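Asker: this is a predicted model, with the sequence first.
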Protein chains: 2
Amino acid sequence: MLYEFFEKVAVLEKQGKIQAKLNVGEPDWSAPSTSVREAVKALKQKRDKYASAAGEPELRQKLAELHSCSASNIVVFPGSKFGVFAVLKTLSPGDEVFVFSPHWTAYEGMCKALGLNVRRIELKLENKWRIDVEQVAVALTDKTKLFILNSPNNPTSCALSEEQERQLIELAKSRGITVLADDAYRDLCFDGRKERRFDKSIAVLNTFSKTFGMTGWRIGYAVVEEELAKKLVSFNQLTVTNVPLFVQAGALTALEQKQKVASKARRLCKKRANTAKKLLKGVFEFVSPNAGFYLFPRLPQGADTLAFVDRLLDSGVAIVPGQAFGPYERHVRVSLCAEDAVLANSLEKMVEAAKE
Amino acid sequence: MLYEFFEKVAVLEKQGKIQAKLNVGEPDWSAPSTSVREAVKALKQKRDKYASAAGEPELRQKLAELHSCSASNIVVFPGSKFGVFAVLKTLSPGDEVFVFSPHWTAYEGMCKALGLNVRRIELKLENKWRIDVEQVAVALTDKTKLFILNSPNNPTSCALSEEQERQLIELAKSRGITVLADDAYRDLCFDGRKERRFDKSIAVLNTFSKTFGMTGWRIGYAVVEEELAKKLVSFNQLTVTNVPLFVQAGALTALEQKQKVASKARRLCKKRANTAKKLLKGVFEFVSPNAGFYLFPRLPQGADTLAFVDRLLDSGVAIVPGQAFGPYERHVRVSLCAEDAVLANSLEKMVEAAKE
């Protein structure tokens, strides 16, 4: 059913019949103009040959400074998604990976592709998507090797409190479990959190896609302990070789204005989250986002989610059914990345469709 | 030993002490200026967002025309290396893959990473690196799922005759085995071979790296039957998402002048191969290349290869010991990609070092 829905979205999109693509996790802001300029310059200077599988020294150094570590702890990837895959690839088939649901679809697909066993800890709207660390502790087995922590979370746009994160990380450490922190949305925490500091038991993955609106540049990076870094570099050598130098040049320049760009993006996200809260309140249930650009509302009791998303789609608004993120059939994921009028109009259509 | 040698190369390179990098499989010609122009245009037009995991329709269509198939048979990858990995990933752990040695190092590393069993068929200089198809037939088992055919070959720069290829492909077909044709160097056959036509039992991998000198752009593609294409697209979705649109724009334009670019590159390669033949004849044994830009000469009986490459390195010339390509301890791989004077000088140094 989900597959048929996505096929329909693809067809309507080709026909230009979707006015609001609130189904894609893609910022509507553009890459920094300085990044475009630097990439263009690098291309014209023929910086387009083979390069280091670890990433360029200057970029690694700059990222290392941000995360309080050494350049040897940084590995650059063609997207943080590939970085997540590369880290998971270092585990052995049969190893157990904990995923907190609702979760980004790709995690489960990757684990399956790599023969890893996914253990889903299903979080609840009623608990404000909080993780019960004691429940996690009880669920651990000898085979548990890694937790995937995606905070702020896709699809809820809720970030755990720093205290909650600390507890989970402590638990992992005490059991010799690696924490894979997928920090794709961390810069977009409304409370403006700092970069995650290097910690040898955490494998941090981050990306230029969301903060900088550079989704299609395909560049992300890992912050990991040195032995793991070496394995990841070897995996790059074996698969993708390197990220194009002109892409890395654009990314390096982006970092120079990270504070400014992130703060602007955060303000925009917060404003949109407020719009969504105001318009959907009373009809949908949801936890108010404290980060990022998604909303993961629950439909009224008895609603048929697939019929709902289908009706919306027919009116030109694409969103994603909740079951794409785990057993959340009554939810939908809405990406709030659209200009004011389009966003407000789409949310109003959601309210109408829910009342039908 | 090999590892220490490569470390030494890396250190000397950083110190700027290598005058001739004949160790890297990288053309010294530049990407077409029109490709740079199109990529720059695409970047400025903000064609830098998420895109199809299969590749852009226009690029796939153009590649399909070259290979006499449909766009649905084409999948675009961030490098053909990643395409080889993706095809191998469709096999199951324990499956057997035939590799003809000497072979590109990455094949064995990928198979190992994916739990596939590599069966090496070792070819001989004495037989002019020809494949004995009957010997292959006898070596097959029930677990053999795929042959990797890399013709022209890295490191020998010898292309099989079309008749030899036909026999091997027939054998594979008769046993239900897939042929993975890594055609990275095919455009550089001195006899100017045509694009390989689509055949559902062959998985063709090709790249823009060698013909167009676009190594660092990271773009390649597969020509495969539709069911396999779908699996490869899913794997892209799970790992690399898509090749940047601005990179695809540059690649599309490159295809427009493929004939001209390839023919120029072929002439240059042939000239360099002739230089190498002339200078190394009588001291080293080798099969004259009929393609590409490598030479895989054998040192005189009793020579110590590692001492030889080390001496050369100290004189500023980097090449690769043969054992990186299988059990070919007396060989070395020389990449002939350097301007006339540097190339001649380096080859002369090889002759001197061999006589020491």
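Answerer: That came through fine.

Asker: select the longest helix from chain A.
Answerer: Ranked by residue count, the top helix of chain A under DSSP state H comes out as helix A:258-280.

Asker: which parts of chain A are strands?
Answerer: A:20-21, A:74-77, A:96-101, A:117-122, A:144-149, A:178-182, A:202-207, A:220-223, A:294-295, A:317-318, A:320-321, A:332-335 (DSSP state E).

Asker: returning to what we had before: what about the longest helix of chain A, average pLDDT?
Answerer: Averaged across helix A:258-280, pLDDT comes to 98.

Asker: helices or strands next to that helix in the packing?
Answerer: Here helix A:258-280 touches strand A:294-295, helix A:340-355, going by 3 or more CB pairs under 8 Å, 6 or more residues apart in numbering or on different chains; DSSP states H and E. (Each C-beta comes from the backbone N, C-alpha and C, glycine too.)

Asker: run through who's touching it.
Answerer: Applying CB atoms under 8 Å, 6 or more residues apart in numbering or on different chains, the set of residues contacting helix A:258-280 from outside is A:27, A:29, A:32, A:66, A:157, A:187-190, A:192, A:210-213, A:254, A:286, A:288-289, A:291-293, A:295, A:297, A:334, A:336-337, A:340, A:343-344, A:347-348, A:350-351.

Asker: and for stretch A:339-354?
Answerer: By CB under 8 Å, 6+ apart, the residues outside stretch A:339-354 that reach it are A:19-20, A:22, A:28, A:272, A:275-276, A:279-280, A:283-284, A:299-300, A:303, A:308, A:311-312, A:315, A:317, A:319, A:334, A:336, A:338.

Asker: swap in stretch A:109-123?
Answerer: A:84-85, A:88-89, A:91, A:93-103, A:107-108, A:129-131, A:135-136, A:139, A:143-144, A:326-327, B:89, B:93, B:235, B:238-239.

Asker: from the contacts of helix A:258-280, which would you call buried?
Answerer: Burial by neighbour count, judged by 16 or more other CB atoms under 10 Å in any protein chain shown, picks out A:27, A:29, A:32, A:66, A:157, A:187-190, A:210-213, A:254, A:286, A:289, A:291-293, A:295, A:297, A:334, A:336-337, A:343-344, A:347, A:350 from the contacts of helix A:258-280.

Asker: the residues you listed in helices, which ones?
Answerer: A:66, A:254, A:343-344, A:347, A:350.

Asker: picking up where we left off before, ok, which of the strands of chain A comes nearest residue B:202?
Answerer: Comparison of the strands of chain A against residue B:202 by CB to CB identifies strand A:74-77 as nearest, at 30.7 Å.

Asker: restrict that closest one to CA atoms and write it as PDB.
Answerer: Provided in PDB are the C-alpha atoms of strand A:74-77 (Å, rounded to 0.1, in the frame of the first residue of the first chain):
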ATOM      1  CA  ILE A  74      37.300  12.900  10.900                       C
ATOM      2  CA  VAL A  75      36.300  11.000   7.800                       C
ATOM      3  CA  VAL A  76      34.500  12.800   4.900                       C
ATOM      4  CA  PHE A  77      31.700  10.900   3.000                       C
END
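
Asker: starting from it, tell me which strands it pairs with and how they run.
Answerer: Strand partners for strand A:74-77, identified by DSSP bridges, are recorded as strand A:220-223 (antiparallel).

Asker: can I get the CA coordinates of the partner strand in CSV?
Answerer: Provided in CSV are the C-alpha atoms of strand A:220-223 (Å, rounded to 0.1, in the frame of the first residue of the first chain):
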residue,chain,number,x,y,z
GLY,A,220,28.8,14.6,5.2
TYR,A,221,31.3,13.4,7.8
ALA,A,222,32.0,11.2,10.8
VAL,A,223,33.7,12.1,14.1
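
Asker: contacts for it, please.
Answerer: A:55, A:63, A:67, A:69, A:73-83, A:86-87, A:184, A:196, A:198, A:202-209, A:229, A:232.

Asker: mind redoing it with 7 Å?
Answerer: Residues from elsewhere that reach strand A:220-223 (CB atoms under 7 Å, 6 or more residues apart in numbering or on different chains): A:55, A:63, A:67, A:69, A:73-77, A:79-80, A:83, A:87, A:198, A:203-208, A:232.
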